[in-house]
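In: Sequence and predicted structure below; questions after.
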Amino acid sequence: MADTFWGDVDRHLVRYGGAFTREIIDHAEGSFVFTEDGRRILDFTSGQMSAILGHSHPEIVETVQRQVRKLDHLFSGMLSRPVVDLARRLAETLPAPLEKALLLTTGAESNEAAVRMAKLVTGKHEIVSFARSWHGMTQAAASATYSAGRRGYGPAASGNFAIPAPNAYRPDFTDASGALDWRRQLDFGFEMIDAQSVGSLAACLVEPILSSGGIIEPPPGYFAALAEKCRERGMLLILDEAQTGLCRTGNWYAFERDGVVPDILTLSKTLGAGLPLAAVLTSAEIEQEAHDRGFLFFTTHVSDPLPAAVGNTVLDVLTRDRLDARAVELGALLRQGLEEIAGRHDVVGDIRGRGLLAGVELVVDRETKRSSDELGARVTQRCLELGLHMNIVQLPGMGGVFRIAPPLTASEEEIALGLSILDQAIGDAVKMA
């Protein structure tokens, strides 16, 4: 049966990224996925970094069953109570003036809508993003994505520019002590933007923590300075919290740490806890200006009631179970365990991240920070063999960075199990070298 399955995969599936994991997944529950042959695999990526309540959470299951019997999909110009309730409740979790919501399906779609709105409102078209960013695979989102996928597809949208990502572990601008001089780096980045711009800077679209870029967390103060750069140029600041939003970092939103409020916020992944749900949130002023100028984002699944009902349940569980505080507690356990692993294995070069979004960068040499794609691949494979699913980012100059994002509902025992398997896998992989 497995041979037939993989034969059908080879004959009929379009390959859309890296190689498929050679396991046939039968079902999932909580922090685990289960294969057809009975293997239990601890999921340290929350599916595609989305299932913050774990797999098949009973309240999500009940909501889907109830809502699909009642009202699942509508003409896009019709509204239902779950949609309006979710828009109001999201606004209640956010600082002023973010009070207007547009409910969509994916992160790429929400970023597409945000960029479209920013261009219309400002009357300009140029978009600035981080090098190593990931914002999606549709046109505007892909044009603002620099970590992968740019070659071979023809011209990106005109007027897209990248600024350096502030990577403290691999600094490109340094102070006298050798530490990252992010202010000088940011100044340089915008000097280059100003040199290239035709005078039509509309927005800056960035992640509070670059996830696909290798869990790169800009230092405190960075986003306040970035917001000022935007204000000086009449640009809107768009924050993409696809992976950092809704309690994962220990705050409801990662931008809260920095004391800034974006002009436009995009949410996805975590909002639907694994189901396709995304949102764009902005101020009444920006929404009014967009409306006055004829803002159009009429899609098949805009304001769909079924995913909106799920989003309301996600907010219920996050609030009732205080999962923001839980992310802090479990994140501290995870960080402590990772630091202990680093103490036993010299190939662990850096540990970073916040809450239950952690990054572990593997290196061959801690002094030179020389990386190895092969080492990362061996550790990933050995983790899977031992029953742990891990995701590794492999980018030029950053050989292997594990993105660790367990569900917020994980137990302390499950965190300990994942750490134990990772510890063994690193040791085994080093011995194989």
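Out: Perfect, thanks for sending it.

In: Show me where the stretch 51-200 of the chain has its helices.
Out: Ranges of helices in the stretch 51-200 of the chain, per DSSP state H, counting those that start in this stretch, are 58-70, 81-92, 107-122, 139-143, 182-196.

In: in the sheet, who's paired with the residue lying closest to C230 once chain neighbours are set aside?
Out: Closest residue to C230 apart from its sequence neighbours, by CB to CB, 6 or more residues apart in numbering: L237 at 4.8 Å. For the C-beta atoms, the positions are set from N, CA and C on the backbone; glycine is no exception. Beta-bridge partners of L237, counted by DSSP bridges, are C204.

In: Contact partners for L237?
Out: Going by CB atoms under 8 Å, 6 or more residues apart in numbering, L237 touches A203, C204, V206, L226, A227, C230, V260, P262, D263, I264.

In: Tabulate the helices of the stretch 51-200 of the chain (TSV), appending distance to V314 and mean pLDDT.
Out: Listed next are the helices of the stretch 51-200 of the chain as TSV, based on distance: least, CB to CB, whole Å; pLDDT from 0 to 100:
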stretch	distance to V314	mean pLDDT
helix 58-70	7	98
helix 81-92	9	98
helix 107-122	16	98
helix 139-143	23	96
helix 182-196	34	98
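
In: Would you convert those into JSON lines that also reports mean neighbour count and distance to V14?
Out: As requested, these are arranged in JSON lines below (neighbours: other CB atoms under 10 Å; distance: least, CB to CB, whole Å):
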{"stretch": "helix 58-70", "mean neighbour count": "14", "distance to V14": "28"}
{"stretch": "helix 81-92", "mean neighbour count": "17", "distance to V14": "33"}
{"stretch": "helix 107-122", "mean neighbour count": "25", "distance to V14": "17"}
{"stretch": "helix 139-143", "mean neighbour count": "21", "distance to V14": "17"}
{"stretch": "helix 182-196", "mean neighbour count": "16", "distance to V14": "36"}
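
In: wait, which of those helices is closest to A101?
Out: Closest of these to A101 is helix 81-92, at 3.8 Å (criterion: CB to CB).

In: Just the residues contacting that closest one, thanks.
Out: Against helix 81-92 from outside (CB under 8 Å, 6+ apart): 67, 71, 98-101, 103, 267, 279, 281, 303-306, 308-309, 311-312, 315.

In: let's see 10 Å
Out: The set of residues external to helix 81-92 that reach it, using CB atoms under 10 Å, 6 or more residues apart in numbering, is 63, 67, 70-71, 74, 79, 97-103, 245-246, 265, 267, 271, 277, 279, 281, 302-316, 319.

In: one step back: output the helices of the stretch 51-200 of the chain as CSV; include the columns distance to F295.
Out: Below are those laid out as CSV (distance: least, CB to CB, whole Å):
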stretch, distance to F295
helix 58-70, 28
helix 81-92, 16
helix 107-122, 6
helix 139-143, 14
helix 182-196, 26
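
In: just so I know, which of those helices lies nearest G250?
Out: Across the helices of the stretch 51-200 of the chain, closest to G250 is helix 81-92 (CB to CB), at 19.0 Å.

In: How far off centre is that closest one?
Out: How far helix 81-92 lies from its chain's middle: 22 Å, per CA atoms, centre = their mean, to the nearest Å.

In: In which helix or strand does T4 reside?
Out: Using DSSP states H and E, T4 sits in helix 2-12.

In: So what's the gap between that helix and the chain middle?
Out: In terms of CA atoms, centre = their mean, the centre of helix 2-12 is found 31 Å from the chain centre.

In: in which helix or strand would I find the residue nearest the centre of the chain?
Out: In the chain, the C-alpha nearest the mean C-alpha coordinate belongs to Q243, at 2.8 Å (CA atoms, centre = their mean). Using DSSP H and E, Q243 sits in no helix or strand.

In: and it, what does it touch?
Out: Contact analysis of Q243 by CB under 10 Å, 6+ apart lists 46, 48-50, 52, 107, 134, 207-212, 215, 249, 254, 267-270, 357, 403, 405.

In: if you look at those, which of them are in helices?
Out: Using DSSP state H, the subset of the contacts of Q243 located in helices is S46, Q48, M49, G107.

In: Let me know whether F161 touches I127 as I believe.
Out: Yes. Between F161 and I127 there is a contact at 7.4 Å, judged by CB atoms under 10 Å.

In: Of these two, which one has the most company?
Out: Neighbours per residue (other CB atoms under 10 Å) separate F161 from I127, with I127 holding more: 26 against 20.

In: Contact partners for R132?
Out: Contacts of R132 by CB under 10 Å, 6+ apart are 145-148, 162, 164-165, 167, 207, 210-214, 216, 393, 395-398.

In: And for the nearest residue to it once chain neighbours are set aside, the neighbour number?
Out: Among residues not flanking R132 along the chain, G213 sits closest, at 3.2 Å (CB to CB, 6+ apart). Per other CB under 10 Å, the neighbour tally for G213 reads 25.
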